[in-house]
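Enquirer: How does the following fold in three dimensions:
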Amino acid sequence: MDNTLTYPSTVGPGLLAGKVAFISGAGRGIGAAAARLFAREGARVLLAARTEAQLKAVTEEVGAAGGTAEYVVCDLADGNAVGAAVDRAVDLYGRLDIAFNNGATIQPPGPMDQLPEAEFDHVYRVNLKGVWLAMVAQVAAIRATAGAGAIVNNSSVGSLRGNPELPAYGAMKRAVNSLTESAAVTYAPEEIRVNAIAPGFTRTEMIRTWEAASPGLQDRLRTLIPLGRGADPEEIAQAAAWLLSDRSSFVTGTVLRVDGGARA
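Expert: Residues are numbered from 1 along each chain as shown. Have a look, this model is predicted:
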């Protein structure tokens, strides 16, 4: 069965018209899909990730489609680099309205007692500390320029229950949920909304990496999903776009499952 999805062109001003968006992990997968979608919905976007070739390709694709995008190479575990990347969005576009903290790394699958300490520390630095560093910089930039805005953090349905194959990954994503909720309460009086999305099985390079160490993974995951398939990365980006848009103006502090019903 062909599960390829097509999306209509935006009609009207666009869901994110006039906004400046920062997207991490934007070189591939969900982040790249978000870059294309946000630009199509009217945002000017700054893409951040570690791999310049991927960033350059996505940026050129956005430009060829009529959107506005620039990129900056950034190690999400480096606080100075993250702050400089967020500042770059302000330098380029004069403001920051919204941010999608999507960048993440996966751990070698397996029981927690078999995970080397160095791998645990790496997952912590990218998946948790990196999100914290980004939010700190983004709140400051939104406060100083747009005055109000929204942030979405990319979590995982793996954060919502025990995760024996990816215990460190699940733990960091669960901590991201907590950071999201705390930030939502903290910055609501300033009209800065903070939410998270929790994707389920999504057809990305990360899931293919996991399957290489756990053959048959995608088939097993598919059987757990009432909709009977994995998500296209753009379906996840669509959820983030809505949470970042003014149409979700009374939504903050939520962790939105985007999992095809797997946790229903």
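
Enquirer: Need the contact partners of the strand or helix carrying Arg208.
Expert: Counting by DSSP states H and E, the element that carries Arg208 is helix 205-213. Helix 205-213 is contacted from outside by 28-29, 104, 106, 108-110, 165-166, 201, 217-218, 230, using CB atoms under 8 Å, 6 or more residues apart in numbering. Placement of C-beta: from N, CA and C, glycine included.

Enquirer: how does it look with 7 Å?
Expert: For helix 205-213, contacts defined as CB atoms under 7 Å, 6 or more residues apart in numbering pick out Arg28, Gly29, Ile106, Pro108, Pro109, Phe201, Leu217, Gln218.

Enquirer: quick one, helices of the stretch 1-150 of the chain?
Expert: 29-40, 52-64, 79-93, 117-124, 130-144 (DSSP state H, counting those that start in this stretch).

Enquirer: So what does the residue nearest in space to the middle of the chain have for phi and psi?
Expert: Geometric centre of the chain, nearest residue: Asn102, 2.2 Å, by CA atoms, centre = their mean. Per-residue torsions, Asn102: phi -100, psi -20 (degrees, to the nearest 10).

Enquirer: any idea which of the helices of the stretch 1-150 of the chain is most buried?
Expert: Of the helices of the stretch 1-150 of the chain, the one with the most neighbours on average (mean count of other CB atoms under 10 Å) is helix 29-40, at a mean of 27.

Enquirer: quick one: low-confidence parts of the stretch 101-250 of the chain?
Expert: The model of the stretch 101-250 of the chain has no residue with pLDDT under 70.

Enquirer: Please, where are all the strands along it?
Expert: All strands of the stretch 101-250 of the chain, identified by DSSP state E, counting those that start in this stretch, fall at 149-154, 192-199.

Enquirer: Kindly calculate the angle that the last one makes with helix 130-144.
Expert: Calculated by axes from the mean of the first three to the mean of the last three CA atoms, to 10 degrees, strand 192-199 forms an angle of 150 degrees with helix 130-144.

Enquirer: again with the shortest one
Expert: With the same axes, to 10 degrees applied, the angle from strand 149-154 to helix 130-144 works out at 170 degrees.

Enquirer: Run me through the strand neighbours of strand 149-154, direction for each.
Expert: strand 98-101 (parallel), strand 192-199 (parallel) (DSSP bridges).

Enquirer: and those strands as CSV, adding distance to Leu224 and mean neighbour count?
Expert: Formatted as CSV, the strands paired with strand 149-154 follow (distance: least, CB to CB, whole Å; neighbours: other CB atoms under 10 Å):
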stretch, distance to Leu224, mean neighbour count
strand 98-101, 26, 29
strand 192-199, 14, 26
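
Enquirer: Serialize those strands to CSV and add fields for distance to Met135.
Expert: CSV is the format used below for the strands paired with strand 149-154 (distance: least, CB to CB, whole Å):
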stretch, distance to Met135
strand 98-101, 7
strand 192-199, 7
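
Enquirer: List the contacts of Gly27.
Expert: Per CB under 7 Å, 6+ apart, neighbours of Gly27: Ala49, Thr51, Gln54, Leu55, Val58.

Enquirer: out of these, who's nearest Glu234?
Expert: Val58 (13.0 Å; CB to CB).

Enquirer: looking at it, that closest one is touching Ala35, isn't it?
Expert: Yes: using CB atoms under 7 Å, Val58 is in contact with Ala35, at 5.3 Å.

Enquirer: hmm, back to that, could you dump the contacts of Gly27 to JSON lines with distance to Ile225 and pLDDT?
Expert: Below are the contacts of Gly27 laid out as JSON lines (distance: CB to CB, whole Å; pLDDT from 0 to 100):
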{"residue": "Ala49", "distance to Ile225": "28", "pLDDT": "96"}
{"residue": "Thr51", "distance to Ile225": "30", "pLDDT": "95"}
{"residue": "Gln54", "distance to Ile225": "28", "pLDDT": "97"}
{"residue": "Leu55", "distance to Ile225": "31", "pLDDT": "98"}
{"residue": "Val58", "distance to Ile225": "28", "pLDDT": "98"}
